[in-house]
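Undergrad: predicted coordinates and the sequence they were generated for:
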Amino acid sequence: MTEPELNASEGNERVFLVVVDNSPELGVAILYACRRAAHTGGRVALLYVIEPDDNGAADIGNWMGVGDVMRQEAREEAEITLSIVSERVKSCSGKMPTYFIREGGRAEQLLKLVNEERSISVLVLAASAKSEGPGPLITHLTSKHAGKLRVPVTIVPGSLTRDELEAIT
């Protein structure tokens with residue numbers, strides 16, 4: 001699967017970027033972004049970041065070719081996940097989303113994408129409702145990199161219900 005490109009006729013759309021991960025709040029961020037995109041004639045974009053393996057297995061695996069297999073499996077998992085999420089976005093917003101797959105640290109890749117892709121208008125993140133804090137990505141972006149973002153960030157409470165989201169969007 002390749003990353004879809006925005007064509008010139010879509011260049012003036014508001015693009016709401018959502019980071020796809022396995023957090024329980026992902027559904028809230030997607031629904032918020034979809035509803036805002038649908039109401040403004042915009043589009044949703046999805047970012048899936050394949051993060052490096054921290055346990056050193058990739059270094060050993062590269063020596064034996066296993067690292068390449070692991071990387072390919074991670075890419076296939078990203079494509080499957082994005083395919084599923086894309087269908088949900090299409091049914092909610094009325095348009096297929098643009099998506100991006102990157103490799104590296106999630107926060108670093110997000111910052112790079114937002115700075116490279118001028119079509120992105122708003123970053124939508126959902127905060128964890130747990131007592132440990134809003135989540136590592138929100139904490140990272142709001143503490144260290146808030147001034148480096150070129151787009152506004154919408155932080156949606158992860159505990160919002162569908163009805164509550166419908167009411168505010």
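TA: Nice, thanks for sending it over.
Undergrad: what helices or strands is the top helix by length along the chain leaning on?
TA: The longest helix of the chain (DSSP state H) is helix 66-93. Helix 66-93 sits against strand 15-20, helix 26-40, strand 43-50, helix 57-64, strand 98-103, with contacts defined as 3 or more Cβ pairs under 8 Å, 6 or more residues apart in numbering; DSSP states H and E. C-betas here are computed from N, CA, C, even on glycine.
Undergrad: again, only using 6 Å
TA: Counting contacts by 3 or more Cβ pairs under 6 Å, 6 or more residues apart in numbering; DSSP states H and E, helix 66-93 is packed against helix 26-40, strand 43-50, helix 57-64.
Undergrad: what does stretch 124-143 contact?
TA: For stretch 124-143, contacts defined as Cβ atoms under 6 Å, 6 or more residues apart in numbering pick out 16, 18, 25, 28-29, 32-33, 106-107, 154-159.
Undergrad: at 7 Å what do you get?
TA: Applying Cβ atoms under 7 Å, 6 or more residues apart in numbering, the contact partners of stretch 124-143 are 16-19, 23, 25-26, 28-29, 32-33, 106-107, 153-159.
Undergrad: from those, list just the buried residues.
TA: 16-19, 23, 25-26, 28-29, 32-33, 106-107, 155-156, 158 (16 or more other Cβ atoms under 10 Å).
Undergrad: how close does Thr139 sit to Ile155?
TA: For Thr139, the distance to Ile155 equals 11 Å [Cβ to Cβ, to the nearest Å].
Undergrad: Arg43 now?
TA: 20 Å.
Undergrad: ok, now Ala33?
TA: 12 Å.
Undergrad: quick check: Thr169 touching Thr40?
TA: No: using Cβ atoms under 7 Å, Thr169 makes no contact with Thr40, being 9.8 Å away.
Undergrad: for the residue most central in space within the chain, what are its contacts?
TA: The chain has Val19 as the residue nearest its centroid, 1.5 Å off, counting by Cα atoms, centre = their mean. Val19 makes contact with Leu47, Arg106, Leu110, Leu125, Leu137 under the criterion Cβ under 7 Å, 6+ apart.
Undergrad: any idea how far His145 is from Glu166?
TA: Relative to His145, and taking Cβ to Cβ, Glu166 is found at 31 Å.
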